[in-house]
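In: Just a sequence and a predicted model for now, questions to come.
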Amino acid sequence: SVLLIFAIVAVLATAMIDRQSLDIQRSANLQALQQARAYTSGIEYAVRSGLQLDFEDNNEVDHLLEEWAKPHTYPLQPGVAEIQIFDAQSRFNLNGLHKTASNREVQVQRFKNLLAELGLDETIADRTRNFIDEESMADNDYLTAEVPYRASYDIFKHPSELLLVEGVDAQTYRALAPYLAALPVSARLNINTASSKVMAALSSSWSLSDADTVIGNRGEKGFASTDDFWNLAEVQVFQENSDPNVENNAKEVWDKADFSVNSQYFEVFSKVILADRIATVEMLIYRNAETGKMRTYYRDYSRTEARIAPTDINNNDAENSTIE
């Protein structure tokens with residue numbers, strides 16, 4: 001009986017020690033994760049400070065050689081913090097397909113051009129337009145799905161909502177994600193930071209070679225004004241001729257108001273690795289072009305990697321393109 005009692009006590013003691021060790025490890029993991037989350041909050045204020053300094057230095061032009069456009073890594077004890085800032089206005093704005101957009105059909109065609117450039121189904125553009133337009137009556141296409149749902153009939157809040165559009169699977173979104181943004185309808189494309197694929201999508205007649213020529217003309221520090229871009233020979237062919245005596249043979253006519261040389265919307269991706277625990281956050285920060293005041297539109301803690309194109313050398317590219 002004594003030996004039996006001793007054996008039971010030994011087993012219970014061993015179980016208690018193992019449980020205590022597990023609880024200690026769990027608490028340490030939670031502490032490290034919470035500390036990493038706290039670092040991501042601090043990073044947001046650091047990014048805002050950097051964007052404020054950039055605004056004070058030059059609020060007229062934003063380009064890819066500015067400090068905000070460079071990836072930064074900061075050592076922690078023990079660990080590291082990685083910060084990347086992307087110009088959200090360098091990407092195609094999905095909300096340009098909304099019915100309130102003044103150049104909606106032009107934007108639909110440009111989305112088709114981008115899809116074609118990436119080797120994807122061009123009809124996705126039409127389905128995306130219908131998804132956010134209640135007049136399309138697109139609900140019939142979604143209510144018959146295996147898991148029924150309704151079309152949003154509203155602007156996109158995040159590019160990942162594109163996965164709800166019929167015909168857009170994970171692989172398709174993975175290819176598109178680095179070139180998409182979900183911004184207010186009025187947001188303009190920054191021609192100083194736009195990638196070659198986004199630039200090529202501006203016209204059905206443009207190729208990547210044509211886009212690279214325009215990007216070469218903007219130089220390392222970008223166009224000083226929209227006029228510099230507008231006066232390029234490659235762009236003038238898309239302008240409506242103001243002389244009534246001269247026939248305008250342009251098949252496409254661009255609106256100068258669609259373009260800018262500075263930005264108000266910046267996407268931030270931060271990863272903090274602390275004691276083998278990882279915390280990430282993706283943020284969209286708005287910076288007022290007149291006052292420099294900033295506001296965070298959203299924070300997403302579910303992202304695992306930044307949305308970066310694998311081969312687009314003009315848009316802060318990295319080795320891998322990822323989907324969360």
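Out: Noted; the coordinates are in hand.
In: The residue positioned nearest the centre of the chain: what's its closest spatial neighbour, skipping adjacent residues?
Out: Among the residues of the chain, the one closest to the centroid is A181, at 4.9 Å (Cα atoms, centre = their mean). Take A181 and drop its neighbours on the chain: the residue closest to it by Cβ to Cβ, 6 or more residues apart in numbering is R91, 4.0 Å away. Using the backbone N, CA and C atoms, a C-beta is placed for each residue, glycine as well.
In: The one you found against V198, yeah?
Out: Yes. Assessed by Cβ atoms under 8 Å, R91 is found in contact with V198 at 6.3 Å.
In: ok, those two, which is more surrounded?
Out: More crowded of R91 and V198, by other Cβ atoms under 10 Å: R91, with 31 against 28.
In: Now do the more buried one against S225, distance only.
Out: Distance of R91 to S225, computed by Cβ to Cβ, to the nearest Å: 22 Å.
In: Count the neighbours of E161 for me.
Out: 19.
In: again but with Q31, I slipped
Out: Neighbour count for Q31, taken as other Cβ under 10 Å: 13.
In: Looking at whichever helix or strand it is part of now, give me its mean pLDDT.
Out: In the assignment (DSSP states H and E), Q31 maps to helix 2-57. Averaging pLDDT along helix 2-57 gives 85.
In: quick check: angle from whichever helix or strand comes after it to helix 2-57?
Out: Using DSSP H and E, the helix or strand that directly follows helix 2-57 along the chain is strand 72-76. If you take axes from the mean of the first three to the mean of the last three Cα atoms, to 10 degrees, strand 72-76 sits at 140 degrees to helix 2-57.
In: What ranges does the stretch 201-324 of the chain have for its strands?
Out: In the stretch 201-324 of the chain, the strands defined using DSSP state E, counting those that start in this stretch lie at 259-260, 265-274, 277-287, 294-300.
In: I'd like to check what contacts stretch 148-157. Which residues are they?
Out: 94-95, 98, 130-134, 136, 138-139, 141-143, 161-162, 164, 182, 184-185, 298 (Cβ atoms under 8 Å, 6 or more residues apart in numbering).
In: got the buried residues for that stretch?
Out: For stretch 148-157, a neighbour-count test (16 or more other Cβ atoms under 10 Å) marks 151-153, 155-156 as buried.
In: Could you do stretch 259-266 as well?
Out: Within stretch 259-266, the residues that count as buried by 16+ other Cβ under 10 Å are 259-266.
In: wait, which of those residues is closest to L12?
Out: Taking Cβ to Cβ as the measure, L12 lies nearest F266 of those, at 57.3 Å.
In: The closest residue to that closest one other than its chain neighbours pairs with what?
Out: Nearest-residue entry for F266: I285, 4.9 Å, with adjacent residues in sequence omitted and distances by Cβ to Cβ, 6+ apart. Counting by DSSP bridges, I285 is bridged to F266, T296.
In: Contacts only, for I285.
Out: By Cβ under 8 Å, 6+ apart, the contact list for I285 reads 44, 47-48, 51, 265-268, 294-297.
In: on that earlier part again, the helix holding Q31 vs strand 265-274, what angle?
Out: Going by the same axes, to 10 degrees, helix 2-57 is angled at 150 degrees with respect to strand 265-274.
In: and helix 2-57, how far from the chain's centre?
Out: Remark: helix 2-57 is offset 31 Å from the chain centroid, using Cα atoms, centre = their mean, to the nearest Å.
In: Please apply the same query to stretch 49-66.
Out: On Cα atoms, centre = their mean, the centre of stretch 49-66 falls 19 Å from that of its chain.
In: now do stretch 164-173
Out: On the basis of Cα atoms, centre = their mean, stretch 164-173 is displaced by 17 Å from the centre of the chain it belongs to.
In: what does stretch 302-311 give?
Out: Centroid displacement of stretch 302-311 relative to its chain, using Cα atoms, centre = their mean, is 9 Å.
In: Please save the CA atoms from it in CSV.
Out: Provided in CSV are the C-alpha atoms of stretch 302-311 (Å, rounded to 0.1, in the frame of the first residue of the first chain):
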residue,chain,number,x,y,z
SER,A,302,-3.6,38.7,-40.3
ARG,A,303,-1.1,39.4,-43.1
THR,A,304,2.0,37.1,-43.1
GLU,A,305,4.0,38.9,-45.8
ALA,A,306,3.9,42.2,-47.8
ARG,A,307,2.2,42.3,-51.2
ILE,A,308,5.2,42.6,-53.4
ALA,A,309,5.6,41.7,-57.1
PRO,A,310,8.3,39.1,-57.8
THR,A,311,9.9,40.7,-60.9
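In: Contacts for stretch 217-232 next, please.
Out: For stretch 217-232, the surrounding residues in contact (Cβ under 8 Å, 6+ apart) are 60-65, 191-193, 214, 234-236, 239, 256, 259-261.
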